[in-house]
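**Q** Requesting a structural model of the entry that follows:
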Amino acid sequence: MKWFYFSATAALVGALGGCGGGGGGGGGGGGLPFPILPAATLGVTVQVNGSSATANGDGKYSIKPGDVITVTPNLGSDWNSSSDPAGSVSLRNADISSTKWSAQIANNTNAASVFTVSAKATANAALTKDTVFNVAAGDARNLSYKVYATNGSQQTLALNFDTMSYVMTDETGLAVSDSFSADAAQTGTYVFKSSRNTAATNNSRFRLITDAVVGSFPFQVAQVPGSYAVQPFIGSRAIVTTQSALDGIYIRFGINMRPGLIDSQIRQVQVTGGGTSLLMCNEVGITSIAACPPASIATYAISAGSSAGSWSTVNVANASDKGALAVIMVDGKKVYVAAGINSVAPNDSIFRIGLVDSSTWLNTTARGGDNNGTWGTLGFDATTYTAALTKPDGTVSNVSYGLNVASASIPALKGINFAGTDRYFAMQDGTLSVVVGARTNPVTGYLQIGLVP
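**A** Residues are numbered from 1 along each chain as shown. All right, here's what the predicted structure looks like:
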């Protein structure tokens, strides 16, 4: 509008000057010439990570995911942005006003993309300027995982290694996001930053392996809204969606939770019949399916669940006993998982994890966390379990316990410290290790998940 204001004024004065007014001298033609003002243009300057940037020969700017770009116009502007392919680029920490467009760029794909920031002068919509960026491919680790948490919830974890940020979204759609960083003391471990962490030591961490993530996060305490505690989780982006591929014999550990109470469960289960039937041995002594008395075997029918990879279970002898399971792939190995609310009163929150039964016991060293909020290194050999666990207060607990035969019919199930007061069960498959507290002892309800590097 300013340009049109000056243009109208010049025309009016010029007209008055040519009306023959002026008494002396010979009349018109004596006025001063008015300058012709240049046409207004919309221009921008571009910075990448706080430094001036220069366009390539094609007029585009080359950037990488994680870069912060700032576009500053010479005229107050309205803004729009787009990416090609559509949705391939997302923004973090956007700061947009009439005088600046700034954001950190995240490439949501593993391929290069094009991102365009479009400015339109607020005072003159005819003035526009596109600033185009060639965005390099995103980090191959920028992936989303279906998470099964030991508080009995199912969530989605999105990791972005270009921006070193994450988003954890629960079943209600509530998302929490922040940054993460590499753990300088433990290669391959990353530390979640979260306002939910209030302990002296932040044991909210994660590790990656093919198609999977294992870690600990400050999830809500089961059935206690507004209360949070660092608890283990396992996540995968490779979930079995073919029913027949569910088949297998699994050693399954679990915990049941409700306010003020936590319990453990140790069972062997079998998925059979092309994924159509789940068998569980309910003997007091932990017994394999093969050795289980027929009267102690509970049978559940399996059918497709509400989403791909979720499978519903119904007890054939008690239709009110319902549940759900999934089988995920972790470095090419099948893992049985379940998290949710028990359909049978008192409606506990439950978590289950099962590893494929094996006759082999391996010597392994894993890293992971437990539902006491600790994180550390976990070791197994033929006779001993060792652990160095950093507690939330920063102190370290070092333990060394003997391993015991826990079930004559399940060689891959080990007992830990059966001669002592705090007694546990353990299983491992060379990739994952899982420890659960035995029932009716001081560590009932304890659960630890470790990932072998």
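
**Q** What's the local residue count around the nearest residue to residue 380 once chain neighbours are set aside?
**A** In space, and not counting its chain neighbours, residue 380 is closest to residue 364: 5.2 Å by CB to CB, 6 or more residues apart in numbering. The way it works is simple: take the backbone N, C-alpha and C, and place the C-beta from them, glycine included. Residues within reach of residue 364, counting by other CB atoms under 10 Å, total 18.

**Q** Pretty sure residue 427 is one of the things residue 364 touches, is it not?
**A** No. Residue 364 is beyond contact range of residue 427, at 11.3 Å (criterion: CB atoms under 8 Å).

**Q** Need the residues touching each of those two.
**A** Overlap of the contact sets of residue 364 and residue 427 (by CB atoms under 8 Å, 6 or more residues apart in numbering) consists of residue 433.

**Q** Quick check: phi and psi at the residue nearest to residue 380.
**A** Note on residue 364: its backbone torsions stand at phi -140, psi 160 [degrees, to the nearest 10].

**Q** and residue 271, bridged to which residues?
**A** residue 248, residue 278 (DSSP bridges).

**Q** again, but for residue 398
**A** Residue 398 has these beta-bridge partners by DSSP bridges: residue 388.

**Q** so where is the chain shaky, pLDDT-wise?
**A** Scanning the chain for pLDDT under 70 picks out 1-39.

**Q** ok, back up a step: quick check: the residue nearest to residue 380 vs residue 205, distance?
**A** Residue 364 sits 19 Å away from residue 205 when distances are taken as CB to CB, to the nearest Å.

**Q** swap in residue 342?
**A** Distance from residue 342 to residue 205, by CB to CB: 29 Å.

**Q** what about stretch 107-118, how long is it end to end?
**A** Its start and end residues considered, stretch 107-118 measures 19 Å (CA to CA, to the nearest Å).

**Q** If we go by neighbour counts, what in it is buried?
**A** 107, 108, 109, 113, 115, 117, 118 (16 or more other CB atoms under 10 Å).

**Q** who are the neighbours in contact with the closest residue to the first one other than its chain neighbours?
**A** Closest residue to residue 107 in three dimensions, ignoring its sequence neighbours and counting by CB to CB, 6+ apart: residue 138, at 3.6 Å. Remark: with contacts taken as CB under 8 Å, 6+ apart, residue 138 is in contact with 65, 106, 107, 108, 109, 110, 160, 162.

**Q** coming back round to it: compare residue 342 and residue 205 and say which one has the larger neighbour count.
**A** For residue 342 versus residue 205, neighbours defined as other CB under 10 Å are more numerous around residue 205 (21 against 17).

**Q** Next up, the contacts around that one.
**A** 183, 189, 190, 191, 192, 215, 216, 369, 375.

**Q** Out of those residues, who's the most crowded?
**A** residue 369 (30 neighbours).

**Q** for the helix or strand harbouring that residue, packing partners?
**A** Assigned by DSSP states H and E, residue 369 falls within strand 364-370. Contact here means 3 or more CB pairs under 8 Å, 6 or more residues apart in numbering; DSSP states H and E; on that basis strand 364-370 packs against strand 205-209, strand 212-220, strand 228-236, strand 375-380, strand 432-437, strand 447-451.

**Q** element containing the spatially most central residue of the chain, please.
**A** Central residue of the chain (CA atoms, centre = their mean): residue 157, 1.7 Å from the mean position. Using DSSP H and E, residue 157 sits within strand 154-160.

**Q** List the buried residues in whichever helix or strand comes after that strand.
**A** Using DSSP H and E, the next helix or strand after strand 154-160 towards the C-terminus is strand 165-169. Burial within strand 165-169, assessed by neighbour count using 16+ other CB under 10 Å, is assigned to 165, 166, 168, 169.

**Q** swap in stretch 353-360?
**A** Burial within stretch 353-360, assessed by neighbour count using 16+ other CB under 10 Å, is assigned to 353, 354, 355, 356, 357.

**Q** circling back: next, the angle from the strand holding residue 157 to strand 212-220.
**A** 120 degrees (axes from the mean of the first three to the mean of the last three CA atoms, to 10 degrees).

**Q** on contacts alone, who are the packing partners of strand 154-160?
**A** Judged by 3+ CB pairs under 8 Å, 6+ apart, strand 154-160 is in contact with strand 144-149, strand 165-169, strand 212-220, strand 228-236.

**Q** Now do that strand against strand 228-236, angle only.
**A** Using the same axes, to 10 degrees: strand 154-160 against strand 228-236 is 80 degrees.

**Q** Run the chain-centre distance for strand 154-160.
**A** Distance of strand 154-160 from its chain centroid, counting by CA atoms, centre = their mean, to the nearest Å, is 2 Å.

**Q** Give me the secondary structure label for residue 176.
**A** strand (DSSP: H, G, I helix; E, B strand; the rest coil).

**Q** Residue 244 too?
**A** Secondary structure, three-state DSSP: residue 244 is helix.

**Q** mind listing what it touches?
**A** The neighbourhood of residue 244, defined by CB under 8 Å, 6+ apart, consists of 274, 275.

**Q** Could I get the full set of helices for the protein?
**A** With helices called from DSSP state H, the chain shows them at 2-17.

**Q** Could you list everything residue 63 pairs with in the sheet?
**A** Under DSSP bridges, the beta-bridge partners of residue 63 are residue 135.

**Q** Please report the distance of residue 315 from residue 219.
**A** 28 Å.

**Q** same question, residue 42
**A** Taking CB to CB, one finds residue 42 at 49 Å from residue 219.

**Q** More neighbours: which of the two?
**A** residue 219 (25 against 17).

**Q** burial count for the residue nearest to residue 210 when sequence neighbours are not counted?
**A** The shortest distance from residue 210 to any non-neighbouring residue, by CB to CB, 6+ apart, is to residue 331 (4.6 Å). By other CB under 10 Å, 17 other residues sit near residue 331.

**Q** So residue 331 sits against residue 212, correct?
**A** Yes. Taking contacts as CB under 8 Å, residue 331 lies within contact range of residue 212: 6.6 Å.

**Q** I'd say residue 353 and residue 335 touch.
**A** Yes. Residue 353 lies in contact with residue 335 (CB under 8 Å); the separation is 6.7 Å.

**Q** Overlap in contacts, those two.
**A** residue 234.

**Q** Spit out the contact partners of residue 316.
**A** By CB under 8 Å, 6+ apart, the neighbours of residue 316 are 299, 300, 301.

**Q** gap between the nearest residue to the first one once chain neighbours are set aside and residue 279?
**A** Spelled out, that is residue 299. Of all residues not flanking residue 299 in the chain, residue 316 sits nearest, at 5.0 Å (CB to CB, 6+ apart). Distance from residue 316 to residue 279, counting by CB to CB: 11 Å.

**Q** Okay then, goodbye and thanks.
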